[in-house]
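>>> structural data only, the sequence is not supplied:
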């Protein structure tokens, strides 16, 4: 019993404060415009908003009418104080009334079906233009892998795409697959969500017309850290996009000053899971780290990407993301410092 | 009715029996009334337990990164809360009410197969205890066991061996499989009773609406629960014998589980709400002092709902990447099922219209139901529109929608039914004042919580998350939603106090405290074990109305 | 108590028998259960990534199927005999039904033995193995349950407890047996005809 008590004490004193820490994400999130399914900047999302407002208007009218009748009848037909106790006229039904309030809903449903089908086809059957950006998304337990096959880039957790000018659209088409269980890609301001299901290839597209950062997260329960499988989509102006692509295509930077740290990385278990292009590290199980420091966050959006946070993460990811599949590396202080010094050069 | 002695106590010489004897009586009983009360009683116990689990979840979500429970514990809470509310609260309570009321309403002595009835109950109880036993039974965190943590819908391949180690998932599978067998047995029993044991003069067109809906619910149980059982057997074969039903590495399909589950899952939620419709259809007429408006249409609409609901399941799967045609089909069928549902709301409205409404506690809960079910139906239309669902699915908008249906709809009618039939079952009235406190506290809390959660979904908050980051604009909404829980808990507390107090010292009810019209009110409160001293003979849908109004009986009009 | 004079024609309406309604309910629910396994079987036709394929290893069990289907006939004769009061005849036809059912199970067992030991097909071999053994096995389980029930009735009859009064209950049991046979027709067509 004391063992249990001691464990609880250790748990609450270490993990709970850690859980209460937002690792700088609160401030970072506040700089980004509020997520909402109604403030969309991309055609799939826009189509949904148009249809949604139409449906909301119809159901709003129904609510006012029926709710109003309900409220009216509750007030109008309450038993009056001086009631004589006789039963009111018993009305068993009325075929004309039944006919009327069957026909009207059927007509409403008919209209809704037509508009719904139209939007379904507009979004799902959209043709793919020749200069669309292709991204292959692989969902993992609890991080996102983004491959750009045409550009030779592999990155993680933060999806970079070019802005799409409505006059000359350059949308991004995403192929969605999963390496383990079912996930769902959801960035509300850009599009509705589409699931990533193992052994099934799904597809979706976005064409954001405003540069900026858009937040999202996994929307299909996928295990312990489903809640912290976050998404950032960074939409670049054309020139920024070209620069980002060019820098991402470079192999990892090689700085002799951090050679010791690099040796730690390449001799510890890191290379079993992670890839750093241009080195011996070609692991597939974890995110590609070639340009780790070009990302805003760590751990799929759990913490702001700073050397201090990186040190905590590498030492024991479960402090920031309890249950994360990356094990605690348990390095000596010296090794840890050198390793982080090396990783910080992976811009 | 005049001159009939009434038994106030639950058994003829209960006062003389020692406690062990009383317990033994209840354990060996095959009396539908006792089994019905046990179903409801245990269901309410699990309601409190699962409600506390939800309250813990809302406490955790009241603040970003609250750290009150770990992600692992939270995921177990959400799985157990959902699973328990559906299988250990909803199903037994509706089974209990139908068990209690159907024989009484058709003038029968008991269900068709009393021993099968008892078997079904004890099987359900065993399965339900097995589910909670998982907390201690399986190997887990610090030796404390581990409850299932895969969500109530247990999607593959998260439930396959590689992703779900230990036995927690197996507890989910086995306990629900066992309770489902109990449900199926009871459904066969209820259906047979309603078809074969009606008293003289009660043709099917003269059955109370509740009995019709018991038949519809039973048929739906017979058709909809086996797909879940089949999928669960397949999952067990995968987990224990190395089969590949949902093993994507061997070419299996994760989607197959989803289809099978929702082929069960969607009719299941109608199985849960149709009894609510049944209660409302009995209570609203009595407190409006009018016959139900459009009996035939109500019955036909309920049958239509039962039938159409078998063909809408993939509206839970609009985001899995079905073809546009598939999405369009299920959007269409889902919107169509809304039509008979709306018709029922209009008919209840027609029943209120021109009546003389008495705002006793059962009626208050039914009025809350009407208003809330209207909203729930409309948000259901939003979700039926597939592209809108692409944004709303798996968010707190869906959570708000189905809690509107299940709490705002089902639970409100269950509370109404308890206040309405408690006098019949026990011979005592539930307190009116405390009942009103219960109603008002609960309805305020319900709206504070669930109205708010719609907006959390619109602002991008997905479901089944143990926390959310600050700066996402979700803090205020979640805090408000969590505050609503306090009022709901207070309301439930009033209810529990009301029940305990009234059992001991509630006002004596008599046979027919509400001046109602169906057969159960013609016998004593509580009824004798054999229900009716002489088998009733009826001539209309409201036999007691005919007796009370011999100059103007129902059978002159329909 | 009654509400006005009962109308004679209404109270004379004959309600259906409880046993029949209940067994129809059971058949309905079991049909739903089997349909899911059939659906899984059909869905996975041709999708196995490896291993023994149906066309290579399956041999249609014609003889066993004929035994099972004729047992439906013998059980009809048995019930008729009991109705007419010929208890001995009933027992003989009932025994014939039981033996035919047992033959079916033996036949299934032999087929499984051949598939496992000669062709290496098990439930974990591939999707075909998974769906085949689960569907055929589910049906065989229902046959075994039926055989147990049939045996119980046979024992009761041997002990002299069965009279024409029990004809309706045996008929209700025979409906379950007919259902099991009907399911076999569907399973046979799915596995040995469509699936190959």
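Happy to help now that I have it. Here the structure is a predicted model, which means the values were calculated and not measured.
>>> let me know the pLDDT of the residue of the stretch 351-500 of chain B found nearest chain C.
Using Cβ to the nearest Cβ, residue B:424 is the residue of the stretch 351-500 of chain B that sits closest to chain C, at 16.4 Å. Yep, even glycine has a C-beta here, placed from its N, CA and C like the rest. What the model reports for residue B:424 is a pLDDT of 98.
>>> any idea how far it is from residue B:36?
Residue B:424 sits 11 Å away from residue B:36, taking Cβ to Cβ, to the nearest Å as the criterion.
>>> the more surrounded of those two?
residue B:36 (27 against 24; other Cβ atoms under 10 Å in any protein chain shown).
>>> buried set for the helix or strand harbouring residue C:141?
Per DSSP states H and E: residue C:141 is located in helix C:127-158. Neighbour counts over helix C:127-158 (16 or more other Cβ atoms under 10 Å in any protein chain shown) mark C:127-136, C:138-140, C:142-143, C:146-147, C:150, C:153-154, C:157 as buried.
>>> stretch C:90-100 now?
Those would be C:90-91, C:93-98, C:100, for stretch C:90-100 by 16+ other Cβ under 10 Å.
>>> quickly find the element holding residue B:218.
Here residue B:218 sits within helix B:209-241, counting by DSSP H and E.
>>> contact partners for residue B:57?
B:74, B:77-78, B:81 (Cβ atoms under 8 Å, 6 or more residues apart in numbering or on different chains).
>>> among the residues you listed, which ones are in helices?
Of the contacts of residue B:57, the ones assigned to helices by DSSP state H are B:74, B:77-78, B:81.
>>> mind checking the SS state of residue A:160?
strand (DSSP: H, G, I helix; E, B strand; the rest coil).
>>> and for it, the neighbour number?
Residue A:160 is flanked by 23 other residues according to other Cβ under 10 Å.
>>> how about the one 5 residues further on?
The local packing count at residue A:165 equals 11, with neighbours defined by other Cβ under 10 Å.
>>> next up, the contacts around it.
residue A:209.
>>> now do the SS call for residue A:324.
Residue A:324 - assigned by three-state DSSP - is coil.
>>> any idea how far residue C:87 is from it?
Residue A:324 is 73 Å from residue C:87, by Cβ to Cβ.
>>> how about residue C:21?
27 Å.
>>> quick one: which of these two has more around it?
When neighbours are counted by other Cβ under 10 Å, residue C:21 and residue C:87 differ, and residue C:21 comes out ahead with 20 against 15.
>>> now that one: which helix or strand?
helix C:18-43.
>>> list the helices and strands the helix or strand following that helix packs on?
Next in sequence after helix C:18-43, counting helices and strands by DSSP H and E, comes helix C:54-57. Counting contacts by 3 or more Cβ pairs under 8 Å, 6 or more residues apart in numbering or on different chains; DSSP states H and E, helix C:54-57 packs against helix C:87-119.
>>> between the helix it packs on and helix C:127-158, how many degrees?
160 degrees (axes from the mean of the first three to the mean of the last three Cα atoms, to 10 degrees).
>>> report how many residues lie close to the residue lying closest to residue B:538 once chain neighbours are set aside.
Counting by Cβ to Cβ, 6 or more residues apart in numbering or on different chains, the nearest residue to residue B:538 once its immediate chain neighbours are dropped is residue B:201, at 4.4 Å. Per other Cβ under 10 Å, the neighbour tally for residue B:201 reads 22.
>>> could you say which helix or strand holds residue B:104?
helix B:91-106.
>>> just after that helix, pick out the following helix or strand.
Next element after helix B:91-106 (DSSP H and E): helix B:114-137.
>>> so who does residue B:364 touch?
Applying Cβ under 8 Å, 6+ apart, the residues contacting residue B:364 are B:416, B:436, B:439.
>>> in a strand, the first one, correct?
No. Note on residue B:416: no strand contains this position according to three-state DSSP, which reports helix.
>>> any idea how far it is from chain A?
As judged by Cβ to the nearest Cβ, to the nearest Å, residue B:416 and chain A stand 15 Å apart.
>>> count of neighbours near residue 163?
Assuming you mean chain A. Look at residue A:163: counted by other Cβ under 10 Å, it has 18 neighbours.
>>> not what I meant, chain B
So residue B:163, with other Cβ under 10 Å, has 16 neighbours.
>>> what does residue B:91 give?
Neighbours of residue B:91 under the rule other Cβ under 10 Å: 26.
>>> hang on, it packs against residue B:272?
Yes. Checked against Cβ atoms under 8 Å, the pair residue B:91 and residue B:272 is within contact range at 7.4 Å.
>>> correct me if wrong: residue A:147 contacts residue A:134.
No. Taking contacts as Cβ under 8 Å, residue A:147 lies outside contact range of residue A:134: 9.2 Å.
>>> which pLDDT value belongs to the residue nearest to residue B:538?
95.
>>> my guess is it contacts residue B:541, does it?
No. At 10.8 Å, residue B:201 does not count as touching residue B:541 under the criterion of Cβ under 8 Å.
>>> which residues do these two both contact?
With Cβ under 8 Å, 6+ apart, residue B:201 and residue B:541 have no common neighbours.
>>> where does pLDDT dip in chain B?
B:1-17, B:138-145 (pLDDT under 70).
>>> center of it, which residue is that?
residue B:90 (3.2 Å; Cα atoms, centre = their mean).
>>> my guess is that residue contacts residue B:410, does it?
Yes. Between residue B:90 and residue B:410 there is a contact at 6.7 Å, judged by Cβ under 8 Å.
>>> overlap in contacts, the two.
residue B:272.
>>> ok so, going back, next, format the ones in helices among the contacts of residue B:57 as JSON lines and append distance to residue B:137 and neighbour count.
Shown next, in JSON lines, are these (distance: Cβ to Cβ, whole Å; neighbours: other Cβ atoms under 10 Å in any protein chain shown):
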{"residue": "B:74", "distance to residue B:137": "20", "neighbour count": "23"}
{"residue": "B:77", "distance to residue B:137": "17", "neighbour count": "22"}
{"residue": "B:78", "distance to residue B:137": "20", "neighbour count": "22"}
{"residue": "B:81", "distance to residue B:137": "19", "neighbour count": "20"}
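>>> and the residues you listed near chain C, which?
Taking Cβ under 8 Å from any Cβ of the partner chain as the test, chain C is in contact with none of the ones in helices among the contacts of residue B:57.
>>> contact partners for the nearest residue to residue A:218 once chain neighbours are set aside?
Leaving out its chain neighbours, the residue that sits closest to residue A:218 by Cβ to Cβ, 6+ apart is residue A:229, at 3.8 Å. Residue A:229 makes contacts with A:141-144, A:183, A:217-218, A:222, A:300-301, as judged by Cβ under 8 Å, 6+ apart.
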